[in-house]
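*Asks:* Quick one, what's the 3D model for this:
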Amino acid sequence: MLAKDYKIRVFIVLSVFFVFFSIILVRLFLIQINQKDFFRTLAQHQHEISITINPPRANIVDRMGKVIAFNRDIPSAFILPHQLKHGQKTEKFLKRHFPEVYERMQVYPEKYFLWIERKLSPQRYAQLKAFGMEDIQFINEPQRFYPYRSLAHLLGFTNIDNEGISGVELEFTKKMSGHAATLRLEKDARSGLSYFEKGVEVEGVDGEAVKLTIDSTLQALVYEELQRTIHDFNAKGGSALVLNPDNGEIIAMANYPGFDPNQTKIQALDITKNMIVTECFELGSVLKIFCALAGFEEGVVRYDEMIDCEGHITYIDGFKVENFTYALLNALKENNNILPFYDVIRLSSNVGVAKIAKRLGPKLYRHLRRVGFGFKTGIQFPGERAGFVNHPDNWSRSSIIVLSFGYEIMASLLQLGRAFSIIANGGHSVQPKIIMDATAKPIDIGRKLYKDTTIAQMKDLLELIGKKYAINGYRTMGKTGTARCLKNGHYSKTDHNYTFAGIVERDNYRRVIVTFIKEPEKANLWASEVAAPLFQSIAEKMVIHDTFVG
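*Replies:* Sure, this is the predicted structure:
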């Protein structure tokens, strides 16, 4: 009886163990075979993460290799909603101080990561730390930094994610950003606190530095002179451009008023525009030079031909044309209203130059286009405008007249600089450039556009004006331009823009400088009083600087 009871008990125990063992086997089968994908995914979510690592944005350097835009680490604040140690306290804090973050937590409860505030200033970082909130954590993020404010309009700036949104930063954002790497990380099973790299899912590529043709030291000098002039005349703004006409390299490109590209938020985007490239103007009498250029090339006027400028006011084809400057009017009185053509340009006679334009007819349009007006220069910079030259098919009776002294034509200062470069380099086309080419040549000019005799006459003509703003030891050439501003569909008698475009030359050294002052407060000024002295002061500093840097 006892032996029989013993066998029954053993059978029951074995049966129970068998049932449990069978359950375990079935469970293991379900986990390891039937549901393996589900649990593998779950484990990976708990112990593995994939992160995207952006390579540091590459630097921007000037022609000498000086770094003019780079990255620096800036703290940003974040929380991990699913790992809060003091949930109620943290949520109460967020609701009071960061309601938009609190709202995102409520709307997106599945989020494992939320930014609190990014790219903190030192003061803001100290303030957040002082709250003593343990659940608010900090991480360093790269932020673009620009040490030279004078370059702000050229370099542009990036957004909070270090992506270029204006200027050189925008134009070359892909080149400098490179390509992100994706890494798979696995949590350390022993500590559960840190991750180690398990594999690379996507290989990253570092960004490439961008080297500009700009000389940052000269840029600062140009900016300083521009700022001083604008303040002296209480003008709305202005620009200055320096380029090498032999290869098109832009050495300085400054605009004022400036802005701080290191600000977290740029309030007035209008002041961030690089006016030299992105804005076009009617430039006035500076464009008389290209009427003279066309006249010499076409043989319709001689350098010393006597031109009847007909006093203060005359009518050409029924259209009123006026000679303005005091020096011109005095010269007309002394010479019975007749001047040699070189004085027509030197003294800026609207009547005299209009008569040469009438001789040229539609050929004037073709020459304006030949030197690049109405075309984009092709510079590698966002937002360049092509400008406008009124086509002969659209001309009114007065078009050829006003076109000769700078109206019915809209041009950028870069286009004006390129056009003067054609005269400076001996009559060849040239491509303005902002990016330094490792294989760049000292002379990189295109096809011949004008005869040597034409260019020689043009330089002699420009020198007659440039002598007034001479740089000791250099041949100085240039032309002024005073243009009325269009206000509410009418040309203002008090608001003007002032331009000077000039050439500085000695032996094989040549530079083109364009200066522009927009709407000084004082009326009845002339470009010879505003933009030309700025040209001279920039040229003086430039030649001293270039002498020392070689």
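
*Asks:* Can you pull out the low-pLDDT segments for the chain?
*Replies:* Counting by pLDDT under 70, the chain contains low-confidence ranges at 1-11, 13-22, 24-53, 181, 183-204, 264, 267, 550.

*Asks:* what separates the residue positioned nearest the centre of it from residue 383, distance-wise?
*Replies:* Of all residues in the chain, the one closest to the mean position by Cα atoms, centre = their mean is residue 167, 2.7 Å from it. As defined by Cβ to Cβ, to the nearest Å, residue 167 lies at a distance of 9 Å from residue 383. From N, CA and C alone the C-beta is placed, and that goes for glycine too.

*Asks:* got any residues that touch both of those two?
*Replies:* Here residue 167 and residue 383 have residue 274 as joint contacts, going by Cβ atoms under 8 Å, 6 or more residues apart in numbering.

*Asks:* can you pull the contacts of residue 402?
*Replies:* In this structure, residue 402 makes contact with residue 408, judged by Cβ under 8 Å, 6+ apart.

*Asks:* Could you check how far the helix or strand hosting it is from the centre of its chain?
*Replies:* Secondary-structure assignment from DSSP states H and E places residue 402 in helix 399-404. Centroid separation between helix 399-404 and its chain, computed with Cα atoms, centre = their mean, to the nearest Å, is 33 Å.

*Asks:* Surely residue 481 touches residue 282?
*Replies:* No - with contacts counted by Cβ atoms under 8 Å, residue 481 stays clear of residue 282, the gap being 9.3 Å.

*Asks:* Can you point out the buried residues in stretch 127-139?
*Replies:* Using 16 or more other Cβ atoms under 10 Å as the burial criterion, the residues of stretch 127-139 that qualify are 128, 133, 135, 136.

*Asks:* for stretch 210-228, same thing?
*Replies:* Taking 16+ other Cβ under 10 Å as the basis for neighbour counts, the residues of stretch 210-228 that come out buried are 210-227.

*Asks:* try stretch 347-367
*Replies:* So, applying 16+ other Cβ under 10 Å, buried residues of stretch 347-367: 347-357, 359-360, 363-365, 367.

*Asks:* among these, which are in strands?
*Replies:* The strands in this structure, assigned by DSSP state E, contain none of the buried residues of stretch 347-367.

*Asks:* So which of these sit within helices?
*Replies:* Filtering the buried residues of stretch 347-367 for membership in helices, criterion DSSP state H, returns 350-357, 359-360, 363-365, 367.

*Asks:* show me the contacts for the nearest residue to residue 424 once chain neighbours are set aside.
*Replies:* Of all residues beyond its chain neighbours, the one nearest residue 424 is residue 245 (3.8 Å), with distances taken as Cβ to Cβ, 6 or more residues apart in numbering. The neighbourhood of residue 245, defined by Cβ under 8 Å, 6+ apart, consists of 420, 421, 422, 424, 425, 430, 503, 510, 511, 512.

*Asks:* hang on, residue 361 packs against residue 400?
*Replies:* Yes - counting by Cβ under 8 Å, a contact exists between residue 361 and residue 400, whose distance comes to 6.8 Å.

*Asks:* per-domain residue ranges of this protein.
*Replies:* 2-34, 51-211, 216-260+272-549 (automatic domain parsing).

*Asks:* With distance to residue 266 added, can I get those domains in CSV?
*Replies:* Converted to CSV, these look like this (distance: least, Cβ to Cβ, whole Å):
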stretch, distance to residue 266
domain 2-34, 57
domain 51-211, 7
domain 216-260+272-549, 6
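
*Asks:* Pick out the most distant pair among the buried residues of stretch 127-139.
*Replies:* By the measure Cβ to Cβ, 128 and 135 form the most distant pair in the buried residues of stretch 127-139, at 11.9 Å.

*Asks:* about what we covered before: right, and out of the buried residues of stretch 127-139, which lies closest to residue 303?
*Replies:* With Cβ to Cβ as the yardstick, the closest approach to residue 303 among the buried residues of stretch 127-139 comes from residue 128, at 72.9 Å.

*Asks:* nearest residue to that closest one other than its sequence neighbours?
*Replies:* residue 77 is the one closest to residue 128 (Cβ to Cβ, 6+ apart), at 5.6 Å.

*Asks:* Over to residue 355?
*Replies:* What sits nearest to residue 355 in space, not counting adjacent residues and going by Cβ to Cβ, 6+ apart, is residue 307, at 6.3 Å.

*Asks:* Helix or strand: which one has residue 91?
*Replies:* Residue 91 is part of helix 87-97 when elements are defined by DSSP H and E.

*Asks:* can you dump the C-alpha coordinates of that helix into PDB?
*Replies:* Taking C-alpha atoms only, helix 87-97 is exported to PDB below (Å, rounded to 0.1, in the frame of the first residue of the first chain):
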ATOM      1  CA  GLY A  87       8.200  64.600 -12.800                       C
ATOM      2  CA  GLN A  88       5.600  66.800 -11.100                       C
ATOM      3  CA  LYS A  89       8.100  69.500 -10.100                       C
ATOM      4  CA  THR A  90       9.600  69.600 -13.600                       C
ATOM      5  CA  GLU A  91       6.300  69.800 -15.300                       C
ATOM      6  CA  LYS A  92       5.200  72.600 -13.000                       C
ATOM      7  CA  PHE A  93       8.400  74.500 -13.700                       C
ATOM      8  CA  LEU A  94       8.000  74.000 -17.500                       C
ATOM      9  CA  LYS A  95       4.400  75.100 -17.400                       C
ATOM     10  CA  ARG A  96       5.400  78.400 -15.700                       C
ATOM     11  CA  HIS A  97       8.700  79.200 -17.500                       C
END
